[in-house]
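> need coordinates for the following:
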Amino acid sequence: MPKTVIHVFHDDDHSITTGTRVAQRIHEVASDHDCVVEVLCFGPAQRRLTDGGASEAGATYNRQVDELIAAGVAVGACVNAARADGVEAELVRRGLNLRVARDEFLRFTLEQATVITF
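Predicted coordinates for the structure are as follows:
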């Protein structure tokens, strides 16, 4: 089954809010096209998952991530970064799939996924 991966990397307000909103919009029609959507939050954007909604954009980003998870979209983040930041348990509790980012990028290649980075 074809897959579109939204890779949210940059932590500027526009990247985090637009990337997760694009994932939501694609998810709305993906099943009509026998396609699946996945999200990977990594790098600077991953740290915004636990900033407590310090800004309006951060709050929107976190709300959209939680909505994606509730809608059944696989949302992942790097387990090594989560451990280094001491937030592994918090991200797991929220429903994020924590994996080694290196392995996830290779999996996307092997699955021939389309990866769009914000």
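> report the mean per-residue pLDDT for the one helix or strand Val29 maps to.
Taking DSSP states H and E as the definition, Val29 sits inside helix 13-30. When the per-residue pLDDT values of helix 13-30 are averaged, the result is 98.
> just the buried positions in that helix, please.
The neighbour-count check on helix 13-30 (16 or more other C-beta atoms under 10 Å) flags 15-24, 26-27, 30 as buried. In this view, the C-beta of every residue, glycine as well, is placed from N, C-alpha and C.
> redo those residues as TSV? Include distance to Lys3.
Compiled in TSV, these are given as follows (distance: C-beta to C-beta, whole Å):
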residue	distance to Lys3
Ser15	21
Ile16	21
Thr17	23
Thr18	20
Gly19	16
Thr20	17
Arg21	19
Val22	15
Ala23	12
Gln24	16
Ile26	11
His27	12
Ala30	9
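> starting at the chain centroid, how far to stretch 18-25?
In terms of C-alpha atoms, centre = their mean, to the nearest Å, the centre of stretch 18-25 is set 10 Å apart from its chain centre.
> who touches the residue nearest to Glu67 when sequence neighbours are not counted in this structure?
Distance criterion C-beta to C-beta, 6 or more residues apart in numbering; nearest residue to Glu67, sequence neighbours excluded, is Gln24 at 6.7 Å. By C-beta atoms under 8 Å, 6 or more residues apart in numbering, the residues touching Gln24 are Gln64, Glu67, Leu68, Ala71.
> run through the protein and note the low-pLDDT ranges.
Counting by pLDDT under 70, the low-confidence segments of the chain come to 53.
> strands along that one, start to end?
3-8, 36-41, 74-78, 97-99, 114-117 (DSSP state E).
> which of those is buried the deepest?
Most buried of the strands of the chain, by mean neighbour count (mean count of other C-beta atoms under 10 Å): strand 36-41, with a mean of 25.
> sheet partners, orientation included, of that one?
Strands that pair with strand 36-41, judged by DSSP bridges, come out as strand 3-8 (parallel), strand 74-78 (parallel).
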